[in-house]
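Engineer: I'll drop the sequence and a predicted model, then ask my questions.
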Amino acid sequence: MVIINLICVARSQEAVARILDFLESRGVLVARITEPQEAFDLASNGRFDVLLVLDDIKDPVEFLKSLRSGKAPKDMGVIFLQQTSGVAPACALERRLEFFDYGADDCLPVNCDAREVLSRIKAVYRRAVAPAAGNIVRLGAIEIDLDKRQVAVNGNPVELTAKEFELLFAFVSMPNRVLSRQYLIERVWGYSYFGSPRTVDVHVTRLRRKLGPESRYIKTMPCAGYKLVP
């Protein structure tokens with residue numbers, strides 16, 4: 001069994017106690033931290049795999065920017081837990097996008113199911129330990145530069161929209177797993193999206209068109225969603 005070492009930084013430990021208790025019951029080793037500087041120091045020693053951050057800390061975006069530009073391992077996964085109670089959906093979405101723009105690997109509402117938090121932690125951990133050259137992911141003739149958010153096929157740049165890139169990243173980060181339209185909506189568009197799940201189909205169609213023959217890896221699973229088969 002793989003043991004995941006996790007740092008959780010949150011000023012209000014009570015807000016995350018339910019999640020942390022569940023994680024520890026499933027074998028995750030959790031360091032419960034209240035101050036960002038202490039989290040910086042622990043993250044820099046290279047012995048932790050994932051950082052779980054509640055957005056109640058002071059200047060969470062600045063914390064993330066400093067973390068990504070500092071001594072912490074570049075492959076250390078960062079997941080934000082977002083407080084959404086009393087926050088307008090549009091504001092919550094903008095906040096999530098800001099976290100992603102500055103290097104977060106995932107973002108979840110703090111009141112979500114603890115089992116999903118564990119699954120997301122495992123997914124981020126798998127991506128971190130997967131063999132790759134820097135932050136380049138390759139799938140056949142497809143090359144994805146995660147840092148620059150650029151995609152090339154057979155060495156030729158492919159212009160993807162932000163949503164198309166996030167869809168492709170979702171697929172390559174979870175190979176051989178059926179991803180429902182609802183899951184993709186929540187991951188790419190966010191929990192505040194209330195449009196039709198069929199928007200996923202529209203974006204997948206556009207993504208496939210841009211990838212050309214290499215889109216063969218993205219399989220449609222009737223009545224279920226999509227699956228990437230390497």
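Structural biologist: Yep, that arrived.
Engineer: from here on, contacts and neighbour counts on C-alpha atoms
Structural biologist: Will do.
Engineer: Show me which helix runs longest in the chain.
Structural biologist: helix 114-129 (DSSP state H).
Engineer: Which residues in that one does the neighbour count mark as buried?
Structural biologist: Buried positions in helix 114-129, judged by neighbour count with 16 or more other CA atoms under 10 Å: 114, 117-118, 120-125, 127-128.
Engineer: Next SSE downstream of that helix?
Structural biologist: strand 136-139 (DSSP states H and E).
Engineer: Could you list the paired strands of the helix or strand following that following strand along with their orientation?
Structural biologist: Sequence order places strand 142-145 as the next helix or strand after strand 136-139, per DSSP H and E. Paired strands of strand 142-145, with direction, are strand 136-139 (antiparallel), strand 150-153 (antiparallel) (DSSP bridges).
Engineer: Please point out which parts of the last one sit buried.
Structural biologist: So that's strand 150-153. Neighbour-count burial for strand 150-153 [16+ other CA under 10 Å]: 151-153.
Engineer: With distance to K74 as extra columns, can I get these in TSV?
Structural biologist: Below are those laid out as TSV (distance: CA to CA, whole Å):
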residue	distance to K74
V151	20
A152	23
V153	25
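Engineer: quick one on the thing from earlier: S69 is nearest to which of the strands paired with strand 142-145?
Structural biologist: strand 136-139 (18.3 Å; CA to CA).
Engineer: So the chain: which segments form each domain?
Structural biologist: What automatic domain parsing lists as the domains of the chain is 5-129, 136-228.
Engineer: Take these and lay them out in CSV including mean pLDDT.
Structural biologist: Below are those laid out as CSV (pLDDT from 0 to 100):
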stretch, mean pLDDT
domain 5-129, 87
domain 136-228, 87
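Engineer: pretty sure P73 contacts L42?
Structural biologist: No: contact between P73 and L42 fails when scored by CA atoms under 8 Å: they sit 11.0 Å apart.
Engineer: list the contacts for the spatially closest residue to D147 that is not a sequence neighbour?
Structural biologist: Leaving aside its sequence neighbours, D147 sits nearest to N135 (CA to CA, 6 or more residues apart in numbering; 6.3 Å). By CA atoms under 8 Å, 6 or more residues apart in numbering, N135 lies in contact with 145-147.
Engineer: for the residue nearest the centre of the chain, which residues make a bridge with it?
Structural biologist: In the chain, the centroid-proximal residue (CA atoms, centre = their mean) is D106; its distance is 2.7 Å. Applying DSSP bridges to D106 gives these bridge partners: I79.
Engineer: Am I right that it is in contact with F100?
Structural biologist: Yes: counting by CA under 8 Å, F100 is a contact partner of D106 at 7.2 Å.
Engineer: Which stretches in this structure count as strands?
Structural biologist: Secondary structure of the chain (DSSP state E): strands at 5-9, 29-33, 50-54, 77-82, 106-109, 136-139, 142-145, 150-153, 156-158, 218-221, 225-228.
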